[in-house]
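Trainee: Make a model of this:
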Amino acid sequence: MRKEKWLLDEIEKWQTEEIISPESAEILKTRYAPKKKINLLIVLFSIIGTLFVGMGVVLVGAHNLWYKLPIAARTAIGFLPLVASQVLVLYVYLKKRDSIAFCEGAAILNMAGVFSSVAIVGQIFHLPSDFTNYILLCGVLALPSMLILNAIAPLGIYFWTVLNGGLCFDSLWETPLSTALYVVGALFAIYNFRAENGRAVYVAWISVISGFILVWVTSLLEDFDVFISLFAYFALLGSASVLWERAGRSLEISGTAGTLIVMLFATYEGWWLSSIKSDITIAVLTLAFLALAIGILIKKQRVVPAALAAFAALLLRAIWALVGLNSEPFSVVFMIVANVILLAVGVYYIWAGARKVSLLYANVGMITVCTLIIMRFFDSEMSLGIRGVVFILLGIGFLGFNSYLVRMRKKAKEEK
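Mentor: Numbering: from 1, shown residues only. You can find the predicted model right below:
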């Protein structure tokens, strides 16, 4: 017996036995009435089936009648998927706005209708067959329905249209346009970070992955320092993870993993010897990301070690890039500092795992430290003597940390 049905039966018994009044019974029945549930699998199969039937009709018509019809008739048929999907969106908005299944399904069908109608009309009038323009146009046209219905299922497709379309333009507007359109989708994702039923996790991961691609490709196109851009991006993700409970874990995992991976590259001297175009834009963007991320952490009074490591690395890289310290002995100094920062982060995670009894934290710390040790052992950029000194210092550090843990445990036992 379902929980709601059992509770309603109990309420009937309580009313019969005069434990509660009829008024109270009605209030409880209204509050705990079984909610109507829609089988999402059935809705999904209905959407897929509708799409197959629609595509089949289009293909059969194209084979037998398409080119025999006048242009006006073909144009009307071309706009039919778009008009039908817009009518469905209007109906769902007015009548079924509270149904997640209907909103998501209508938004998906609307996006499919946009892609179909634009393609058919373009074929009828022999418009320039630029796939980049086509993809971006469809994404922009499908955006309003997604926002109106608050449907997050098409968000992944929208980000794909923005990245595939906006970043492929051969013009000066490709980066600003792609960034602006991505920000619209990102703000929509942030709005849904408190959503239920896993929606927050979905929009968080989709936004993180799409944002990573946007930052990476934009940095290459504009000749920015890729590592500065990625450090700033991952630092912001790690800091923003404290703002939202449901999406926070996704942001924390991606921000931490991304920061640690980029930091591994910074532990090589060759990384600091490379030359890039020094640009005031790099400094401005770096300071903006740093200010935003630090402001979030100060406001929430939280410590995100990976984000702090990214802050330190960002400042080092920004100083290096703007002053032009891409030569020895500066490269050796920056390399050593990067190794120390990454080691400190790994040790912190091990310590936090021991203190919180968290295997996740402890494993992240162990993987970070072990990876760093293995990389330094096989590092041909460092002489045997330097590697020997580094390993001695690492050993002393671990022994000191172990001694600290022993004292802490002893102190905890004495207090008990």
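
Trainee: Quick check: buried residues in stretch 256-272?
Mentor: Judged by neighbour count using 16 or more other CB atoms under 10 Å, the buried positions of stretch 256-272 are 256, 258-260, 262-264, 266-269, 271-272. Every C-beta, even on glycine, is put in place using the N, C-alpha and C of the backbone.

Trainee: farthest-separated two in those residues?
Mentor: Farthest-apart pair in the buried residues of stretch 256-272 is Thr256 and Glu269; separation 25.0 Å (CB to CB).

Trainee: lowest-pLDDT helix or strand in this protein?
Mentor: One helix or strand of the chain scores below all others by mean pLDDT, DSSP states H and E: helix 40-64, with a mean of 58.

Trainee: now for whichever helix or strand comes after that helix, which elements pack on it?
Mentor: Sequence order places helix 71-95 as the next helix or strand after helix 40-64, per DSSP states H and E. Judged by 3 or more CB pairs under 8 Å, 6 or more residues apart in numbering; DSSP states H and E, helix 71-95 is in contact with helix 100-124, helix 131-149.

Trainee: Return the most buried member of those helices.
Mentor: Mean neighbours per residue, mean count of other CB atoms under 10 Å, is largest over the helices and strands packed on helix 71-95 for helix 100-124, with a mean of 21.

Trainee: so what does it touch, helix or strand wise?
Mentor: Applying 3+ CB pairs under 8 Å, 6+ apart, one finds that helix 100-124 contacts helix 40-64, helix 71-95, helix 131-149.

Trainee: and the angle from that helix to helix 71-95?
Mentor: With axes from the mean of the first three to the mean of the last three CA atoms, to 10 degrees defining the directions, helix 100-124 sits at 160 degrees from helix 71-95.

Trainee: Helix 100-124 to helix 131-149, inter-axis angle?
Mentor: Using the same axes, to 10 degrees: helix 100-124 against helix 131-149 is 150 degrees.

Trainee: three-state assignment of Thr243?
Mentor: One thing to correct before we go on: residue 243 is Leu, not Thr. coil (DSSP: H, G, I helix; E, B strand; the rest coil).

Trainee: Tell me how far it lies from Ile124.
Mentor: Here Leu243 is placed at a distance of 48 Å from Ile124 (CB to CB, to the nearest Å).

Trainee: Format the buried residues of stretch 256-272 as TSV; extra columns: distance to Asp130, pLDDT and secondary structure.
Mentor: Formatted as TSV, the buried residues of stretch 256-272 follow (distance: CB to CB, whole Å; pLDDT from 0 to 100; DSSP: H, G, I helix; E, B strand; the rest coil):
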residue	distance to Asp130	pLDDT	secondary structure
Thr256	40	83	helix
Gly258	34	85	helix
Thr259	38	82	helix
Leu260	40	84	helix
Val262	35	82	helix
Met263	41	82	helix
Leu264	40	85	helix
Ala266	40	79	helix
Thr267	44	82	coil
Tyr268	42	80	coil
Glu269	45	75	helix
Trp271	39	72	helix
Trp272	42	73	helix
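
Trainee: Out of these, the closest to Val183 would be?
Mentor: Gly258 (19.7 Å).

Trainee: which one is the closest one nearest to, not counting chain neighbours?
Mentor: Using CB to CB, 6 or more residues apart in numbering and skipping the chain neighbours, the partner closest in space to Gly258 is Phe234 (3.8 Å).

Trainee: Over to Val242: give its phi and psi.
Mentor: Backbone geometry at Val242, expressed as degrees, to the nearest 10, gives phi -80, psi -10.

Trainee: all helices for the stretch 201-350 of the chain, in order.
Mentor: 226-240, 245-266, 269-273, 280-300, 305-323, 330-356 (DSSP state H, counting those that start in this stretch).
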